[in-house]
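Colleague: I need the structure of the sequence given here:
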Amino acid sequence: MSATDRAAAGTGRARPGRAAPPPIRPAIFDRRQREWVVAVAVLGALLPLLVQGLYGTGIMITSAIYGLLALGFYFQLTLAGQFSLATVGFYAIGAYTSVWASQHGGFLVGLVTAVFVTGLIGTLLKLALSRSPLIQFAIATLAFGELTMIVMRNWTGFTGGGTGRYGIETKIFGLALDTPREYFYLAFGVLVAGIALAVLVERSPAQRDLIFARTMGDVARTTGLPTRRLQAVAFGIGAGYMGAAGSLLAHTSAFIDPSSFHVEISLDVLLMLLLGGSGSIWGPPVGAVILTLVPEWLRDLADYKELVYAVIILLVIVMLPGGLASLPEKVRARLDRRPPGGAVKR
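Modeller: Coordinates of the predicted model:
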């Protein structure tokens, strides 16, 4: 290589008379994530025109809330690299905190407070357990969730105890929301905002650093990367998503009590991530929709509903290890006659 070529290579400029090399773009920038967010937002805006009735609207609201819960679990498992069973605890904290704070400033104040409080608690929990191995961490988070519910049942001044909190109002800038369709647009709007935030994280260097810390923690620490703090923040963000879901539950149902939160919710969220796919931000909302709709589709099979439900889950996990969100990529791979992850045919 001549001196001129070496100088051009060092500055990133091409030698005079030669074409400049094309810039290297991260693969994630070719996924058109922002376009998908817009498409999902438009689809959600049209859904109430296609689904009529109180029952159908209730199913859509539940799907949006579970989508936020599953996105929070995605941050905690896929990015922070921690298997947590504290979902129901963050869910409940977010709900009751939002109800309390909304009395002093409406729904938006309640939502922001719930996200901040649950995010802070999640970050502190992860820091406190940062040296715990995987299994011990999961058991500790399960204990945290159960302890949270014990506190909620007995802290009657804050939660109402067994009586619960009822007559919860949902006001935004003084405007009261009181119809199922308005509740759906509220829940779906928060879900879209959550997906948009996840897209920004996925397209940022933070995603790369988190994956590096998760898969090669010891090596990452030798480079000076603050792996524990990064993972704690990611875990806290996931907890914040769960707090937002709890806020929506409280304000769209207008009533909550301790029976609204049970440990099976943590297992349901895990299934959503497995069904939708843990390798993509689209996996959690897809899994949430499927896990909400499948029991409704099987309602007529009362005697065999659980069996068919289990078979569907097993088939998806076995035949699509990457989850339902990986199906478009597999279809494109077949059409391009290349394996997933291979070089794009030009």
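Colleague: drop to CA atoms for contacts and neighbour counts, all remaining ones
Modeller: Will do.
Colleague: where do the strands sit along the stretch 51-200 of the chain?
Modeller: 165-166, 171-172, 175-176 (DSSP state E, counting those that start in this stretch).
Colleague: With mean pLDDT and distance to Leu210 added, can I get the ones you listed in JSON lines?
Modeller: Shown next, in JSON lines, are the strands of the stretch 51-200 of the chain (pLDDT from 0 to 100; distance: least, CA to CA, whole Å):
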{"stretch": "strand 165-166", "mean pLDDT": "86", "distance to Leu210": "39"}
{"stretch": "strand 171-172", "mean pLDDT": "88", "distance to Leu210": "36"}
{"stretch": "strand 175-176", "mean pLDDT": "84", "distance to Leu210": "40"}
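Colleague: count of residues packed around Phe261?
Modeller: Phe261 has 18 neighbours, counted by other CA atoms under 10 Å.
Colleague: and it, what does it touch?
Modeller: Applying CA atoms under 8 Å, 6 or more residues apart in numbering to Phe261 gives the contacts Val88, Tyr91, Ala92, Met149.
Colleague: that older thread, buried deepest among the strands of the stretch 51-200 of the chain, which one?
Modeller: strand 165-166 (a mean of 18; mean count of other CA atoms under 10 Å).
Colleague: Any idea how far stretch 264-274 is from the middle of the chain?
Modeller: Counting by CA atoms, centre = their mean, to the nearest Å, stretch 264-274 is centred 12 Å from the centre of its parent chain.
Colleague: ugh, typo on my part, it should be stretch 122-130
Modeller: Relative to its chain's centre, stretch 122-130 lies at 19 Å (CA atoms, centre = their mean).
Colleague: burial measure for Gly174, as a count.
Modeller: 10.
Colleague: Setting the sequence-adjacent residues aside, check what's closest to it.
Modeller: Gly106 (7.5 Å; CA to CA, 6 or more residues apart in numbering).
Colleague: same thing with Val269?
Modeller: Nearest to Val269 is Ala70, by CA to CA, 6+ apart, at 5.4 Å.
Colleague: And that neighbour, how far from Pro205?
Modeller: 23 Å (CA to CA, to the nearest Å).
Colleague: higher neighbour count, the two?
Modeller: The neighbour count for Ala70 versus Pro205, taken as other CA under 10 Å, is higher for Ala70 (33 against 10).
Colleague: contacting residues for the closest residue to Ala101 other than its chain neighbours?
Modeller: Spatial nearest neighbour of Ala101, excluding adjacent residues (CA to CA, 6+ apart): Gly110 at 4.6 Å. For Gly110, the contacting residues are Thr97, Ser98, Val99, Trp100, Ala101, Ser102, Gln103, Ser247, by CA under 8 Å, 6+ apart.
Colleague: hmm, try it at 10 Å
Modeller: Contacts were defined as CA atoms under 10 Å, 6 or more residues apart in numbering; by that measure Gly110 touches 94-104, 116, 170, 244, 247-248, 251.
Colleague: And the pLDDT at it?
Modeller: As predicted, Gly110 sits at a pLDDT of 93.
Colleague: With the one 10 residues further on instead?
Modeller: The score at Leu120 is 96. That number is its pLDDT.
Colleague: Roughly how far does it sit from Ala114?
Modeller: Applying CA to CA to Leu120 and Ala114 gives a distance of 10 Å.
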